[in-house]
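Chemist: Whatever this is, show me its structure:
(one chain, ligands or ions: 1)
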Amino acid sequence: MSSQGSIEKRKEKKGTATTSRHGLNMTWATGIIRNFLSSPLAKKPIRNTPSLLLPRRVREAIRCSLSSKLEFLFLKSFFAILCCQCLGFKSDFDKTNKIKADKIERVDVPNEEPKSKVRGVGSNGIKTVKAVRVKKSLEIESAPFSAKSFSELGLPPMLLERLDTAGFTVPTDVQSAAVPTILKGHDVVIQSYTGSGKTLAYLLPILSEVGPLKKKSANGESEFEKKKEIDAVIVAPSRELGMQIVREVEKLLGPTDKKVVQQLVGGANRSRQEEALKKNKPAIVVGTPGRIAEISAAGKLHTHSCRFLVLDEVDELLSFNFREDMHRILEHVGRRTGSDPRGSIAKWAARRTIMVSATVPFSVIRAARSWGSDPLLVQAKKVMPLEAVSPSGPVNILKPTSGSDSSMRTQAALQSLPPALKHYHCVAKLQHKVDTLRRCVHALDAKCVIAFMNHTKQLKDAVFKLEARGMVAAELHGDLGKLARSTTLKKFKNGEVRVLVTNELSARGLDVAECDLVVNLDLPTDSIHYAHRAGRTGRLGRKGTVVTICEEPEVFVVKKLQKQLGIPIPACEFTEGKLNVIKED
Ligand SMILES: Nc1ncnc2c1ncn2[C@@H]1O[C@H](COP(=O)(O)OP(=O)(O)OP(=O)(O)O)[C@@H](O)[C@H]1O
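Modeler: Here you go, the predicted model:
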């Protein structure tokens, strides 16, 4: 062995577990000392601590330690620490750690309210303290609740009970309009602004007729018999939205009947989903188009007798991306009400098609007309036949337009925004956008922020910059694995993450009641995308602010959005920790 090699080996020995001549491992001895220092005995004043009370192994360690100069020095320090501890002084080691912890605690808490803390032990064994937003529900300013109660909507008693248990006491306007209409057997297109409760608007009539909470049959039977067929298929464009719908159904079903609903979302294990379908025989499935079509094509999902087909975020589902999968679903799930395409006696069940979105372009109206029999358009305070909807005014008959494609999209975006939302735009250079976002968050004292960007790389950079400036941020986009996506979302909902930087993936359906600020760090592609992004805040009549940070040459786009959406988006700046609106000439 070379001399260099032996020196290194000796160094290594010294640096790790030093063994004394008596074979006593010094790391072990240090461990004992640490344990002793943290024991109640060490906290007693020294005069009350007879030396005999020192554990035998410690005494042995002391005797062995005397054998070398180095070990003697170590022992000296040990006694110094011990004396300080017993006399009530804090060692430098303790002080340094305390300062470290204080710093971690202070980092992301500039001018904020008291927070609860999450303690964790880092890989280095040092305890870290993370600030967590105290879950404070936002005030509801202009609640979209109707004058009716759930019991007036014709729902079965068991479902009414579950609604009460889940904390839903009064239906929203759109629920009051949609539930009786669907219960009467109509195909419907439900259009109402983001966060107005459209999910329950279609879930309640389904649960009235499907599963253990359904109405008693004519002979008075109320017991839910497990059927072999699937009664309702709910399709959503993203995995996150699909899971959110499953949770909403489970909330009403309760823990014992959870298996009545089965999720079939992409990114999860397909064979496990197929296994669950076979074993649990669910009455309701919720999934993404790709996965539903895949399992159906494999012959593992039998939906011909299905009675409800729900297309949540229908305008997105009818986009080119989902064309083939949606074609399969529409062909294989139940049968359209009206004529039987095969001319045979109804072998297939009569399916009710429910299409839902905050934005309903005329293409959806056209599709709904061709799929359903006498479908109705259901809005918060209005129900009308789809036949009466003209291309110039699918969702807002108060504001007629020319009928061109872009104006149809504009019309679709109108009435999709919660009325209580406040909108602003702020001009900043590209390199200052993230800093502007940070100042915006502080100025509005926002606790739960979603920032939208268009490209993953820039999105990651933005998170890095925010974190570097002490703001707890996280990224959420399609490039992340399903586990990372769920964990991030969970942390954001729990309040462990203050700013969620994301892309179009989170623009639709994501329901975080506490979200009080949405920031567009990149401009949305059009007014429909603006509406869905903006709708992540101000849910169910709560307060919410939307700030679009853009460069000077992009201001004209904001002006266009303002015109198309029929809302003011004034210019603002963030100075002295406040949002100041700039008055236009
Ligand atoms: N009647 C009600 N009472 C209290 N809370 C409700 C009621 N109906 C729905 N909610 C809650 O309101 C929130 C928003 O509902 P939901 O997600 O269904 O809105 P949405 O209209 O589908 O929004 P988006 O268009 O963004 O998908 C959810 O957290 C839901 O649990």
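
Chemist: got the residues of the stretch 351-500 of the chain near the ligand?
Modeler: Within the stretch 351-500 of the chain, the positions lying close to the ligand (C-beta under 6 Å from any ligand atom) are Ala358. Every C-beta, even on glycine, is put in place using the N, C-alpha and C of the backbone.

Chemist: tell me the phi and psi of the residue in the stretch 351-500 of the chain positioned nearest to the ligand?
Modeler: Residue nearest to the ligand within the stretch 351-500 of the chain: Ala358 (4.2 Å; C-beta to the nearest ligand atom). Main-chain torsions, Ala358, degrees, to the nearest 10: phi -80, psi -20.

Chemist: got the contact list for it?
Modeler: 191-194, 196, 198, 416, 531-532, 535 (C-beta atoms under 8 Å, 6 or more residues apart in numbering).

Chemist: Just to confirm, what's the three-state secondary structure of Val441?
Modeler: Each residue gets one of three states, and Val441 gets helix by DSSP: H, G, I helix; E, B strand; the rest coil.

Chemist: okay, now the closest residue in space to it that isn't next to it in sequence: neighbour count?
Modeler: Nearest residue to Val441 in three dimensions, chain neighbours excluded: Val449, at 5.6 Å (C-beta to C-beta, 6 or more residues apart in numbering). Counted with other C-beta atoms under 10 Å, the neighbours of Val449 add up to 27.

Chemist: where does Leu386 land on pLDDT?
Modeler: Per-residue pLDDT puts Leu386 at 86.

Chemist: Distance-wise, check it relative to Gln562.
Modeler: Distance of Leu386 to Gln562, computed by C-beta to C-beta, to the nearest Å: 30 Å.

Chemist: repeat for Cys550
Modeler: Using C-beta to C-beta, one gets 12 Å for the distance from Cys550 to Gln562.

Chemist: of these two, who's got more company?
Modeler: Set Cys550 next to Gln562 and count neighbours by other C-beta under 10 Å: Cys550 wins out with 20 against 17.

Chemist: Low-confidence ranges, this protein, go.
Modeler: 1-147, 215-227, 335-349, 392-414, 585 (pLDDT under 70).

Chemist: Wait, Arg498 touches Arg469, no?
Modeler: No: counting by C-beta atoms under 8 Å, Arg498 stays clear of Arg469, with 11.8 Å between them.

Chemist: more neighbours, those two?
Modeler: Each of Arg498 and Arg469 has its neighbours counted (other C-beta under 10 Å); Arg498 has more, 21 against 14.

Chemist: quick one: is whatever helix or strand Val518 lives in near the ligand?
Modeler: Per DSSP states H and E: Val518 is located in strand 517-520. No: judged by C-beta under 6 Å from any ligand atom, strand 517-520 and the ligand are separated, with a smallest distance of 11.8 Å.

Chemist: and which of the contacts of Ala358 is nearest Asp231?
Modeler: Of all the contacts of Ala358, Lys198 has the smallest distance to Asp231: 20.3 Å, by C-beta to C-beta.

Chemist: give me every residue that touches that closest one.
Modeler: If you count contacts by C-beta under 8 Å, 6+ apart, then Lys198 has 174, 178, 190, 192, 312, 356, 358 around it.

Chemist: who's in contact with the closest residue in space to Ala293 that isn't next to it in sequence?
Modeler: Among residues not flanking Ala293 along the chain, Asp325 sits closest, at 3.9 Å (C-beta to C-beta, 6+ apart). Listed by C-beta under 8 Å, 6+ apart, the contact set of Asp325 reads 289-290, 292-293.
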